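Undergrad: I'd like to go over a predicted model; first the sequence, then the structure.
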Amino acid sequence: GNSVTQMEGPVTLSEEAFLTINCTYTATGYPSLFWYVQYPGEGLQLLLKATKADDKGSNKGFEATYRKETTSFHLEKGSVQVSDSAVYFCAGTGGGADGLTFGKGTHLIIQP
Amino acid sequence: DTAVSQTPKYLVTQMGNDKSIKCEQNLGHDTMYWYKQDSKKFLKIMFSYNNKELIINETVPNRFSPKSPDKAHLNLHINSLELGDSAVYFCASSLSTTGTGADTQYFGPGTRLTVL
């Protein structure tokens, strides 16, 4: 079946540091890939997505590029802020009414 | 103007009780989903419905019964609640089951269920 593997945290960084959270997806085809963010006590918000190879999703300074060769979708941000502290989920789906397959989530802590 | 709403936000109940969680979306979407997030934050699909028809039913105990009265609503009824049912339940919706690529799923705020 499908699976998503992402680095597990917690990841602790200082403000203005560079962020990378790795994510890879295993599937029979080429799924669409997503990053969702969950702030404390809240639901999931879509951060960015890519639906085909070489697509780059970007939002709020975060970026991720869909790498076909490795089906990877690593999340990056050049300079993190305290307000970026949250749990980040990588997810993929084959489309249609398929559910999202989520990674285990990465808890990001940004210290001032 | 909440896109996907759930009620209640918190639900505390005793083992053996029956409870329901309601979900409504005002986005005009065709497909709705229920996910379960456990205490370690792991998220897993439970059900998906398209135009009121069940599409996905993962290995969920039959004590869980989704009901979709119309395209905008997908409620989750749980019978004979057990301790292990304690989790956060998220409803989500997406636009279409057809077309290339996958449509984005929009999530509700979640319902935290605690079974005592």
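TA: Right, received. Where do you want to start?

Undergrad: how about whichever residue of chain B sits closest to chain A, nearest residue that isn't a chain neighbour?
TA: With Cβ to the nearest Cβ, the shortest gap between chain B and chain A falls at residue B:45, namely 2.8 Å. Backbone N, C-alpha and C define where each C-beta goes, glycine included. Counting by Cβ to Cβ, 6 or more residues apart in numbering or on different chains, residue A:99 is the residue found nearest to residue B:45 once chain neighbours are left out, at 2.8 Å.

Undergrad: who's in contact with the one you found?
TA: For residue A:99, the contacting residues are A:93, B:33, B:35, B:45, B:48, B:56, B:58, by Cβ atoms under 8 Å, 6 or more residues apart in numbering or on different chains.

Undergrad: which among those end up buried?
TA: Among the contacts of residue A:99, those scoring as buried are A:93, B:33, B:35, B:45, B:48, B:56 (criterion: 16 or more other Cβ atoms under 10 Å in any protein chain shown).

Undergrad: tell me the two of those residues that are most distant?
TA: Spanning the widest gap among the buried ones among the contacts of residue A:99 are A:93 and B:35, at 12.3 Å by Cβ to Cβ.

Undergrad: anything in contact with each of the two?
TA: The contact sets of residue A:93 and residue B:35 overlap at A:99, A:100 (Cβ under 8 Å, 6+ apart).

Undergrad: what's the span of stretch B:73-83, first residue to last?
TA: End-to-end span of stretch B:73-83 (Cα to Cα, to the nearest Å): 27 Å.

Undergrad: now that stretch: mean pLDDT?
TA: For stretch B:73-83, mean pLDDT rounds to 96.

Undergrad: do stretch B:12-19 as well
TA: Here the average pLDDT along stretch B:12-19 is 97.

Undergrad: quick one: low-confidence parts of chain B?
TA: B:1-2, B:96-102 (pLDDT under 70).

Undergrad: try chain A
TA: In the predicted model of chain A, residues A:1, A:95-97 satisfy pLDDT under 70.

Undergrad: go again using 90 as the cut-off
TA: Per-residue confidence for chain A (pLDDT under 90) gives these ranges: A:1-3, A:7-9, A:26-32, A:40-43, A:51-53, A:68-71, A:93-100.

Undergrad: contacting residues around residue A:71?
TA: When contacts are counted by Cβ under 8 Å, 6+ apart, residue A:71 is found next to A:24, A:25, A:26, A:27, A:30, A:31.

Undergrad: count the neighbours of the third one for me.
TA: By the measure other Cβ atoms under 10 Å in any protein chain shown, the count of residues near residue A:26 is 13.

Undergrad: contacts only, for it.
TA: Residue A:26 makes contact with A:2, A:3, A:4, A:5, A:71, according to Cβ under 8 Å, 6+ apart.

Undergrad: may I have the beta-bridge partners of it?
TA: Beta-bridge pairing of residue A:26 under DSSP bridges involves residue A:3.
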